[in-house]
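Visitor: From the sequence below, what's the structure:
(4 chains)
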There are 2 protein chains.
Amino acid sequence: MEMKSVIRSLRILEAVAQHQPVTVGELAKLYDIPKSTVQRTLVTLHEAGWLRASRGDTTRWEIGARVLTVRPAALQGASLFAAAREPMVRLRDALNETIHLSVPDGLDCMVVVDRVDCDRTVRTFHQIGDTSPLHATATGQVVLAHLTTAEVEEFIAAGLESYGEATITDPAELRAELQRVRREGYALNRNQYRPDVAAIAAPILDADDTPLAALAVSMPDSRYEPDRLPELGRLVAETATEITTRRLG
Amino acid sequence: MEMKSVIRSLRILEAVAQHQPVTVGELAKLYDIPKSTVQRTLVTLHEAGWLRASRGDTTRWEIGARVLTVRPAALQGASLFAAAREPMVRLRDALNETIHLSVPDGLDCMVVVDRVDCDRTVRTFHQIGDTSPLHATATGQVVLAHLTTAEVEEFIAAGLESYGEATITDPAELRAELQRVRREGYALNRNQYRPDVAAIAAPILDADDTPLAALAVSMPDSRYEPDRLPELGRLVAETATEITTRRLG
DNA sequence: GCACGCCATTCCACAATGTGGCACGGAGTT
DNA sequence: AACTCCGTGCCACATTGTGGAATGGCGTGC
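Guide: Here you go, the predicted structure:
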């Protein structure tokens, strides 16, 4: 609506992040923006310290270290990371499956902020920085389950996009699922967002019970054993609770 | 020089990061920018998904989780912060001096990205986001010491600016110093950049041994005891190594 | 209960600012 | 030598951002 140059510059910044190291021409083609405009924007972002130019035969651009100084408050002082790291490693060791930690970006999406890998040949792969929708992932559902009814309804009103057969797109079904999550203390996702991926998540709460993050174990769906769900759910939930208390203690 | 609105918007973004959660008025006063301009910028950054508004009695702005999707290529995959935090706290507890973590921005500068303060009355003070030259700081020297000869020569060719009597400005002297750093595993800086500041740093390396970051303990020069250098150096180097292995494990 | 101060938010006339088609010089290819 | 692709620089134009002033809500003190 306003400040188009700023919005476009941030788009270009995100584009550089996804394709780094990238050249002016590539960006111009990819996003169909005049080359001179891309060029000017890159130079400006460089001036501001957000981009670095790696000069070889052709100039390639990449994200500079400055962005690391800009972090959400919840992650500053990194008390979340510090509290989460050790329990996450223990959970990985107990299950030998990939563990990850995600935080909500408002109602927009979940963002993966840390992970501990297992050593299996076949395993799920989540990059730090990956985003996913709230209603179609175990981590997102756990967050939704601890928001106010008003917030959940606002989220539902924005529409429940489908990512395959298993995605919950019916508002009533989602409300019922969230209630189940609240009762059980964990969420289960089988193939709702990505095919062949199963995940179990539990919430990490702030002092006022708002959901700060979600802890999840994820695995290929082929390795998911329904019989073990209560055991896994309890384990993930206990670990998440431990992180919550560690962080506040 | 150009795209002033973009540069100003990024300044405001960084300002929010440092003062979050913050109001329109506070930002306008702090940076002496008209309130309406700050307002417009915040709304725009919000539209772009980079800021979140936490509405209470007055609207407060904070950094959204989206920024976490934008990071330097070298740090993609596993979180540096998560791995570093706990060892940093332990090092602070052991020494009761300020610990900080810096990341190189190419050959341009080091950027402070995290810190753990000590509780002494007199202590060094590094803001997150502060930058410093590679050749005149302990953190920068450990990074230089783990780059290729070609890169180091490129850096030297760009000129070694002086920041006082203690700054190493002679290329030969710098090369010798870097060799010493490689041998010992840590760098010592006394007053080379800022007067009356002593710091000891060690490298955090990636899987291919490129330097990702540097861990440092810094103190007023008056508190530096030459006798303890081997002990401190070893401690910092061990902690840095621990972060390296944690990050990769 | 009225006046005041502080707040976030909106408006709008003005001109500063960003735009993008075009052109340039260099490097690699035909 | 002709061509193409690259990153970069230029500049007339009008779109875009600017910021002082106005609005309306809220809490405080007189």
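Visitor: Phi, psi for the residue nearest the centre of chain A please.
Guide: Relative to the mean C-alpha position of chain A, the nearest C-alpha, by Cα atoms, centre = their mean, is the one of A:Val111, at 1.9 Å. In this entry, A:Val111 is assigned phi and psi values of phi -120, psi 130 (degrees, to the nearest 10).
Visitor: if I look at it, how far off is A:Gln127?
Guide: Remark: distance between A:Val111 and A:Gln127 (Cβ to Cβ, to the nearest Å) = 11 Å. The C-beta positions use only the backbone N, C-alpha and C, and glycine is treated the same way.
Visitor: do A:Arg182 as well
Guide: On the measure of Cβ to Cβ, A:Arg182 and A:Gln127 end up 30 Å apart.
Visitor: need the contact list for A:Arg90.
Guide: A:Thr239 (Cβ atoms under 8 Å, 6 or more residues apart in numbering or on different chains).
Visitor: change it to 6 Å
Guide: Not one residue lies near A:Arg90 by Cβ atoms under 6 Å, 6 or more residues apart in numbering or on different chains.
Visitor: in which helix or strand would I find it?
Guide: Secondary structure here is read from DSSP states H and E; on that basis A:Arg90 sits in helix A:79-95.
Visitor: Please enumerate residues in contact with the helix or strand A:Val6 falls within?
Guide: Here A:Val6, judged by DSSP H and E, is contained in helix A:4-19. Residues outside helix A:4-19 that contact it (Cβ under 6 Å, 6+ apart) are A:Val22, A:Leu27, A:Thr41, A:Leu45, A:Trp61, A:Ile63, B:Ser5, B:Val6, B:Ser9, B:Thr44, B:Ala48, B:Val70.
Visitor: likewise stretch A:66-83?
Guide: For stretch A:66-83, contacts defined as Cβ under 6 Å, 6+ apart pick out A:49-50, A:212, A:243, A:246-247, B:17, B:20, B:62-63, B:65, B:67, B:70, B:81-82, B:85-86, B:113, B:128-129.
Visitor: picking up where we left off before, could you give the number of residues near the nearest residue in space to the residue nearest to the centre of chain A that is not next to it in sequence?
Guide: If you skip the residues right next to it in sequence, A:Val111 has B:Ala65 as its closest partner in space, 4.3 Å away by Cβ to Cβ, 6 or more residues apart in numbering or on different chains. For B:Ala65, the neighbour count with other Cβ atoms under 10 Å in any protein chain shown is 27.
Visitor: surely B:Ala65 meets A:Val103?
Guide: Yes - distance between B:Ala65 and A:Val103: 5.0 Å, which falls inside the contact criterion (Cβ atoms under 6 Å).
Visitor: Are there residues contacting both of the two? Which ones?
Guide: Looking at what touches both B:Ala65 and A:Val103 (by Cβ under 6 Å, 6+ apart), the common residues are A:Val111.
Visitor: What residues are recorded as beta-bridge partners of A:Arg60?
Guide: Each beta-bridge partner of A:Arg60 is listed here: A:Ser54, as defined by DSSP bridges.
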